[in-house]
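*Asks:* Predicted model and sequence below, questions to follow.
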Amino acid sequence: MSQPPLRGLVLTGYGLNCDHETVFALEAAGFQARRVHINELVGRPALVAEFQLLVFGGGFAWADDHGAGVLLAHRVKTNLEAELKRFVDSGRLIIGICNGFQALVNLGILPALDGEWRREVALIANDCGNFRDDWVSLAVDPACPSVFTRGIERLDLPVRHGEGKFFAPPELLQRLEELHLVAARYSGPDGRPAGGRFPDNPNGSLHDVAALSDPSGRVLGIMPHPEAYNHLTNHPQWTLLADRVRRQGREVDWRGEGLRLFDNAYAYLRSKGNGGEGGG
């Protein structure tokens, strides 16, 4: 007897502009994906329960007026907070990418260290003083509980943001480190953390934080764009990467590395019987 499909909801509307490529990435990982406008979700809050994965994608929601992700977070909090809490408590998954990460931080869904949704950290203006559109290398913490980063050691992904600097007070940073909730850090070509060096760390994030998990491992925020590396040819050095593989006598894998996060999400949800406790 075949299992019902796993469904991914990709939020869209009012400046969120990465929805189509996010749907493409989810479908490449096996999900049945659907773009849902924020107004439709606000009008039908129970709709979120029909999905197992919720994606707060990239873009510039409401032109990032009042700060990146602030107005999106406010609209979600005032209309959908109860539904989102039920969604997470049921064992399902949320990922926030770039603007989505900023929204999750403003909502307090991340890091939620004590199980309470309150704003504890921030993503603020890049130290370089301008918008960064570049590729970065990430080093993944194998001890992080994140479902999305399991089995991944390193990743190359693109960044495109003006407010990506991760900031938290020292005592909170220490707790994040102790709990291994820093899922990925900006790194140099050797795989070691960038140590704040520009451009390996493109925004000045404290502790080189590029991705953050909640303690359950089922909510992830990430500034670089995994959905934008869905095919090898997305990479600026794809011809070199493909040639290296061929010279080793191996077949080129044309799937982009960013898909691995969505593959992990799919595998986890499938292992939990189509979406965690009460899922699907």
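*Replies:* That came through, no problem.
*Asks:* close enough to count as contact, V219 and G91?
*Replies:* No. V219 is not in contact with G91 according to C-beta atoms under 8 Å; the separation is 11.6 Å. To be clear about C-beta, it is placed using only N, CA and C from the backbone, and glycine gets the same treatment.
*Asks:* Setting aside sequence neighbours, what's the nearest residue to E21?
*Replies:* Excluding its sequence neighbours, the residue lying closest to E21 (C-beta to C-beta, 6 or more residues apart in numbering) is E227, at 5.1 Å.
*Asks:* Please report phi then psi for that neighbour.
*Replies:* Backbone torsions of E227, given as degrees, to the nearest 10, read phi -70, psi -20.
*Asks:* give the contact list for it.
*Replies:* Counting by C-beta atoms under 8 Å, 6 or more residues apart in numbering, E227 touches 18, 21-22, 24-25, 57-58, 97, 258, 262.
*Asks:* A33 too?
*Replies:* Contacts of A33 (C-beta under 8 Å, 6+ apart): 7-10, 22-23, 26-27.
*Asks:* Low-confidence stretches in the stretch 1-150 of the chain?
*Replies:* Within the stretch 1-150 of the chain, the segments meeting pLDDT under 70 span 1.
*Asks:* Would you mind pulling the contact partners of the helix or strand where L176 lies?
*Replies:* Following DSSP states H and E, one finds L176 within helix 170-178. Contacts of helix 170-178 with the rest of the structure, by C-beta under 8 Å, 6+ apart, involve 111, 113, 120-121, 168, 182, 206-207, 209, 212.
*Asks:* Could you pick out the buried ones from those?
*Replies:* 111, 113, 120-121, 168, 182, 206-207, 209, 212 (16 or more other C-beta atoms under 10 Å).
*Asks:* quick revisit: neighbour count winner among V219 and G91?
*Replies:* More crowded of V219 and G91, by other C-beta atoms under 10 Å: V219, with 25 against 18.
*Asks:* For that one, what are phi and psi?
*Replies:* Dihedral pair for V219: phi -130, psi 130, per degrees, to the nearest 10.
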